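need coordinates for the below:
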Amino acid sequence: MLTRRRFNHLALTGMAGLVTSPVWARGTAGLHLGLREAKALAGKAGNELRRGLIWNIVIRSELQGSISGRLGVGRMEQGRVTDVFLSEPFKIAVGRQAFPGDSFFPGDSFFPRDSFFPGDSFFPGDSFVPGKEHQATIRHLSSRGMQRMGERSGLFLAALDDRGEAPCTGLYLLTMKG
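Numbering: from 1, shown residues only. Here you go, the predicted model:
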């Protein structure tokens, strides 16, 4: 059922998808996670979605100097967090850079073959400071963001300052069973 809230989210997302520059999470964070071309992910599931995300993710740092960072990903299904992934640390330089590669990304089993990204359902997350408990932070933000949007399934992705001190933002990708 298409509720007014869902329609508003889809309409705003559709307008954001018309922009050709990367989609960035909002806020004044020091670390931003964005997508080069969200529409390229439309209809992808499983390993195709995984490969598409690896190619599409862009990280922008507005911090002073290079830092050690991590990728955090939370997966929600049927209204509950089912998986949390936290990468090994990698170097994040000042400015905009591509994601460092698939060795820092969750494996194939993290992306179910029956859940796909429809291509028009991504939303910027709020700014947050991760603290020292990265997994707990990703779990909490995954659940809170999806509930706030009235959604039950999707992914939350964020670039995290490994020290847990710098403000960060992430993105929510809503998925559908197909």
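
now the end-to-end length of stretch 41-52.
Across stretch 41-52, the terminal residues are separated by 6 Å (Cα to Cα, to the nearest Å).

one more: stretch 83-100?
End to end - Cα to Cα - stretch 83-100 spans 22 Å.

give me the distance from it to the chain's centre.
Chain-centre distance of stretch 83-100: 12 Å, with Cα atoms, centre = their mean, to the nearest Å.

pull the number of nearby residues for the residue nearest to Lys91 when sequence neighbours are not counted.
Excluding its sequence neighbours, the residue lying closest to Lys91 (Cβ to Cβ, 6 or more residues apart in numbering) is Ser66, at 5.6 Å. For the C-beta atoms, the positions are set from N, CA and C on the backbone; glycine is no exception. As a burial measure, Ser66 scores 11 neighbours (other Cβ atoms under 10 Å).

ok, for Gly79, nearest residue in space, not its chain neighbours?
Arg152 (4.3 Å).

any figure for the gap between the one you found and Ser142?
Between Arg152 and Ser142 the computed distance is 12 Å (Cβ to Cβ, to the nearest Å).

average pLDDT across the top helix by length along the chain?
If you go by DSSP state H, the chain has its longest helix at helix 134-149. Across helix 134-149, pLDDT averages out at 88.

which strands and helices sit next to it?
strand 67-77, strand 80-86, strand 154-161, strand 170-174 (3 or more Cβ pairs under 8 Å, 6 or more residues apart in numbering; DSSP states H and E).

tell me the strands beside the third one, with direction?
Using DSSP bridges, the strands paired with strand 154-161 in its sheet are strand 67-77 (antiparallel), strand 170-174 (antiparallel).

where among those strands is the average confidence lowest?
strand 170-174 (a mean of 86).

and that strand, how far out from the chain middle?
For strand 170-174, the distance to the chain centre is 4 Å (Cα atoms, centre = their mean).

stretch 33-42 too?
10 Å.

do the same with stretch 33-50
For stretch 33-50, the distance to the chain centre is 11 Å (Cα atoms, centre = their mean).

list the buried residues of that stretch.
33-35, 37-38, 41, 44-46, 49-50 (16 or more other Cβ atoms under 10 Å).

will you turn the residues you listed into a markdown table that also has pLDDT, distance to Phe99 and secondary structure?
Below are the buried residues of stretch 33-50 laid out as a markdown table (pLDDT from 0 to 100; distance: Cβ to Cβ, whole Å; DSSP: H, G, I helix; E, B strand; the rest coil):
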| residue | pLDDT | distance to Phe99 | secondary structure |
| --- | --- | --- | --- |
| Leu33 | 90 | 9 | strand |
| Gly34 | 88 | 10 | strand |
| Leu35 | 89 | 10 | strand |
| Glu37 | 87 | 14 | coil |
| Ala38 | 83 | 14 | helix |
| Leu41 | 87 | 14 | helix |
| Lys44 | 87 | 16 | strand |
| Ala45 | 85 | 20 | strand |
| Gly46 | 87 | 19 | helix |
| Leu49 | 89 | 14 | helix |
| Arg50 | 90 | 12 | helix |
